[in-house]
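A.B. asks: predicted model and sequence follow; I will ask about them next.
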Amino acid sequence: MYLSKHRVAITFLGISAFTAWTGDVQKSLKYSLILLGSVLVVVPLYRLSQLHPLHRFPGSKWNKITELAMLCYTVLGIRHKKLRSLHDRYGRVVQTGPNTLSFVSASAISSIHGSAHAPDKASAYEMQHLKGDGLFFLKDKASHNRRRRIWNRSFSEEAILGYQSALVGEIEHLFNCLLEKTSHKGKVDLVRLLPQYAYDSMNAVFFSGHAFNSLLDSDDPAGIAPQGTAFFRLSEIFTHIQPLFHFLMLIPGIGSLMDFEKLSIRAAEAWFKKGPTFRDGISYWFEGDEFQPKLPPEDLAIESETILLGGADTLGSTTTMLCYFLLTHPQWIPILREQLELHNVFDETGHPDAHLLNNLDSIPLIEAFVQETLRLGTLLPGLPRVVPKGGMTIDGYDVPGGTIVTVPVWSYHVDAEYFPNPRKFDPERWIEEGKFVVQAPLMAFSVGTFNCVGSKLALTQLRILLAMAVQKLDITLVEGFDAEKFWNGIRNTRTHDFVEPMWVRVAKRNSPA
Ligand code: HEM
């Protein structure tokens, strides 16, 4: 059993209260300080001792004693890099906190995420202030499964085909903005515009465009896209200091400071008031019959928040990574164009074939380029799960119940055992004898019960954007762009935070077909 900080804190408060009850303030203060001192000595000693349930696992003493180092790395946005260096030093399993183990192996992925007995989400997923239930926050598999059935309907093949004109419309809108801004200002920053595009795109597909006015048209004066990133970032930081989050939420008025929550509530209200203008993503949730559960209307705000954060913010950063890899590896552009021509995706006028556009994964290089972007460009540090009471075996290790276990996504994606020469952006690693071949399963969308419900939509969107960009535009990085500086400036706290801009010039291609 873990000697958790909560148990220690409760014992400490209890003894202090008892001492205070005796009435002698000076004495109670003295005993409280003695107790506090003892706790500060006893807890670290216990955590380093053989009595601790994780004592057999390798890791730095500092990480075994406290969560503080990981908190600092999260705040700095470099936890993904630190976890990789910990695994380089200690091997496939590392203790990264008093109660946390990190595993990098395909077998651990299968036990932690992929198997029928995979553990539930950890308490890190409780940090939600909006009322109601939301798919992302449901931790136990039974209730999660019920809600997932509702969400699944928005991502059927038929549903995604139905979103195509909205998806293509938003991509064309983005291209027009890029061209217009280049012609007015000579250059345009993709780091600013691509998240705006992603928010507009999710707004169009899920909310029939009612959630907010186009961010691309207005240049996002209220800072909705940066607010989303900041909100995501804050929730990840609080995973290390969960009691503080719950304490803050008890203070009246604090919750109302969260602008992003207000936006999600407004988005849900606007959708209800104006109604869908086509069979949009949300409308599927309210369809159904006696056999199909429907979404309780009061949960729409919390689910809207998930669409905007899990969908728009994540898509915005992945799209930015896709453009970064494309523009820093321009040798692939003519080859991608050749492939699109070979498969007749666009006709002589540059108009796409709707069916082929939804099946771009059949073009091996397009799929390889997207998968390689997801491999190298998904900087996620990990998706915490909690080992059930009786404990479980992971990668041959007996892990005690209550332990938080993770597979750090980026560490795994850049593991040479699974992806040789892992730091190289190399779409060809996914192609064998002209066919797309999965090298090792990626964790970009996670796997198993809690995997990304929106992955099919996200992949469709990334493939279409890539195909249309190489087909219709000439995009060049502005002279002086330092690819390494840009890469080193990317932080990750569950979401990407790009410190450096990505200035480009955009022109219409002379011969689009
Ligand atoms: C490239 C873009 C995307 C990436 C890399 C991505 C990645 C992920 C990952 C890794 C998870 C698992 C999270 C965890 O276990 O903590 C997840 C879950 C989720 N994602 Fe995505 N996602 C993307 C796009 C989308 C889109 C477009 C939507 C839909 C609007 C979406 C909705 C969700 C939801 C609702 C969950 C929770 C699923 C569940 O618990 O059943 N995501 N995503």
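C.D. replies: On my side now, so go ahead.
A.B. asks: name the nearest residue to the residue of the stretch 251-400 of the chain found nearest the ligand, sequence neighbours excluded.
C.D. replies: Residue nearest to the ligand within the stretch 251-400 of the chain (CB to the nearest ligand atom): G311, separated by 2.9 Å. The C-beta positions use only the backbone N, C-alpha and C, and glycine is treated the same way. Spatial nearest neighbour of G311, excluding adjacent residues (CB to CB, 6 or more residues apart in numbering): M202 at 4.7 Å.
A.B. asks: mind telling me what element that neighbour is part of?
C.D. replies: Counting by DSSP states H and E, the element that carries M202 is helix 190-207.
A.B. asks: for the residue nearest to G311, what are its contacts?
C.D. replies: Residues in contact with M202, defined by CB atoms under 8 Å, 6 or more residues apart in numbering, are 307-308, 311-312, 315.
A.B. asks: hmm, back to that, now do the SS call for the residue of the stretch 251-400 of the chain closest to the ligand.
C.D. replies: helix (DSSP: H, G, I helix; E, B strand; the rest coil).
A.B. asks: what's around H355, how many residues?
C.D. replies: 10 (other CB atoms under 10 Å).
A.B. asks: next one: it from L161, what distance?
C.D. replies: In this view, H355 and L161 are 9 Å apart by CB to CB, to the nearest Å.
A.B. asks: how about R233?
C.D. replies: Applying CB to CB, the value for R233 to L161 is 35 Å.
A.B. asks: between the two, which one's more packed in?
C.D. replies: R233 (20 against 14).
A.B. asks: I394 versus I109, what's the distance?
C.D. replies: 10 Å.
A.B. asks: got phi/psi on the residue of the chain found nearest the ligand?
C.D. replies: Residue nearest to the ligand within the chain: G454 (2.3 Å; CB to the nearest ligand atom). Main-chain torsions, G454, degrees, to the nearest 10: phi -100, psi 10.
A.B. asks: does it touch G311 like I think?
C.D. replies: Yes - counting by CB atoms under 8 Å, G311 is a contact partner of G454 at 5.6 Å.
A.B. asks: same for the longest helix along the chain, what does it pack against?
C.D. replies: Identified as the longest helix of the chain according to DSSP state H is helix 25-48. Counting contacts by 3 or more CB pairs under 8 Å, 6 or more residues apart in numbering; DSSP states H and E, helix 25-48 is packed against helix 5-21, helix 61-65.
A.B. asks: list the buried residues of stretch 274-281.
C.D. replies: Residues of stretch 274-281 classed as buried: 276, 280-281 (neighbour count, 16 or more other CB atoms under 10 Å).
A.B. asks: could you export these to CSV, including columns for pLDDT?
C.D. replies: Converted to CSV, these look like this (pLDDT from 0 to 100):
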residue, pLDDT
P276, 97
D280, 98
G281, 98
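A.B. asks: run through the residues of the stretch 51-200 of the chain sitting next to the ligand.
C.D. replies: Within the stretch 51-200 of the chain, the positions near the ligand by CB under 6 Å from any ligand atom are 135-136, 148.
A.B. asks: quick one: low-confidence parts of the stretch 51-200 of the chain?
C.D. replies: By pLDDT under 70, the stretch 51-200 of the chain has no low-scoring segment.
A.B. asks: in it, which spans are helices?
C.D. replies: Ranges of helices in the stretch 51-200 of the chain, per DSSP state H, counting those that start in this stretch, are 61-65, 68-76, 79-90, 106-109, 141-152, 157-162, 164-185, 190-207.
A.B. asks: lowest confidence element among the helices and strands of this structure?
C.D. replies: helix 5-21 (a mean of 61; mean pLDDT, DSSP states H and E).
A.B. asks: point me to the helix or strand that includes A507.
C.D. replies: Per DSSP H and E, A507 falls inside strand 503-508.
A.B. asks: so for that strand, mean pLDDT?
C.D. replies: Strand 503-508 shows a mean pLDDT of 97.
A.B. asks: quick one: contacts of it?
C.D. replies: Residues from elsewhere that reach strand 503-508 (CB under 8 Å, 6+ apart): 175, 178-179, 181-182, 186-190, 323, 327, 472-478, 481.
A.B. asks: would you turn the contacts of M202 into JSON lines with neighbour count and distance to D217?
C.D. replies: Formatted as JSON lines, the contacts of M202 follow (neighbours: other CB atoms under 10 Å; distance: CB to CB, whole Å):
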{"residue": "I307", "neighbour count": "24", "distance to D217": "20"}
{"residue": "L308", "neighbour count": "28", "distance to D217": "18"}
{"residue": "G311", "neighbour count": "25", "distance to D217": "20"}
{"residue": "A312", "neighbour count": "26", "distance to D217": "16"}
{"residue": "L315", "neighbour count": "23", "distance to D217": "19"}
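A.B. asks: just to revisit the earlier point, pretty sure the residue of the stretch 251-400 of the chain closest to the ligand sits against F206.
C.D. replies: Yes - under the criterion of CB under 8 Å, G311 makes contact with F206 at 7.4 Å.
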